[in-house]
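Q: Provided below for reference: sequence and predicted model.
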Amino acid sequence: MSIIGWIILGLLAGAIAKLLLPGRDPGGFIGTTLIGVAGAFIGGWISARWLDHPVTKNFYDGATWAAAIGGSLVLLIVYRILFGNSRY
């Protein structure tokens with residue numbers, strides 16, 4: 001997949017992660033989508049590096065989506081833990 005494909009996948013993964021973890025985020029919508037893009041890259045890298053399941057070149061592969069959404073969820077949780085109390 002190209003870098004543009006990963007960015008689009010990350011934006012969608014960030015939105016799905018936000019739906020799965022509702023609530024107030026310190027960064028708002030833009031911060032959540034940027035976390036989704038970073039999570040897609042990190043999830044794909046972890047999947048290829050340690051889980052021995054490299055992501056395919058197919059945008060519609062379930063493992064690619066699972067890695068992107070999983071990475072986004074992990075980053076969103078970490079972000080909320082670190083910066084969750086700073087927005088009031």
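A: Received the coordinates, thanks. Numbers count the residues shown, from 1 in each chain.
Q: For residue 69, which non-adjacent residue is closest in space?
A: residue 13 (4.8 Å; CB to CB, 6 or more residues apart in numbering). C-beta: built from backbone N, CA, C; applies to glycine.
Q: correct me, but the one you found touches residue 71?
A: Yes: Residue 13 is within contact range of residue 71, at 7.4 Å (criterion: CB atoms under 8 Å).
Q: what residues are up against the residue nearest the centre of the chain?
A: In the chain, the C-alpha nearest the mean C-alpha coordinate belongs to residue 72, at 2.3 Å (CA atoms, centre = their mean). Residues in contact with residue 72 (CB atoms under 8 Å, 6 or more residues apart in numbering) are 10, 13-14, 16-17, 35-36, 38-40, 43.
Q: How many residues are close by the residue nearest to residue 69?
A: Close neighbours of residue 13, defined as other CB atoms under 10 Å, add up to 29.
Q: Find the residues that touch each one of residue 13 and residue 71.
A: 39-40, 43.
Q: secondary structure class for residue 23?
A: Following DSSP: H, G, I helix; E, B strand; the rest coil, we place residue 23 in the coil state.
Q: since we're on it, how many residues are nearby?
A: Using other CB under 10 Å, residue 23 is surrounded by 8 other residues.
Q: Equivalent analysis for residue 34, please.
A: Neighbours around residue 34, by other CB under 10 Å: 16.
Q: Also the one 4 residues further on?
A: Using other CB under 10 Å, residue 38 has 17 neighbouring residues.
Q: Is the nearest residue to it once chain neighbours are set aside inside a helix or a strand, and which specific one?
A: Computed as CB to CB, 6+ apart, the closest residue to residue 38 that is not its neighbour in sequence is residue 75, at 5.9 Å. Assigned by DSSP states H and E, residue 75 belongs to helix 62-83.
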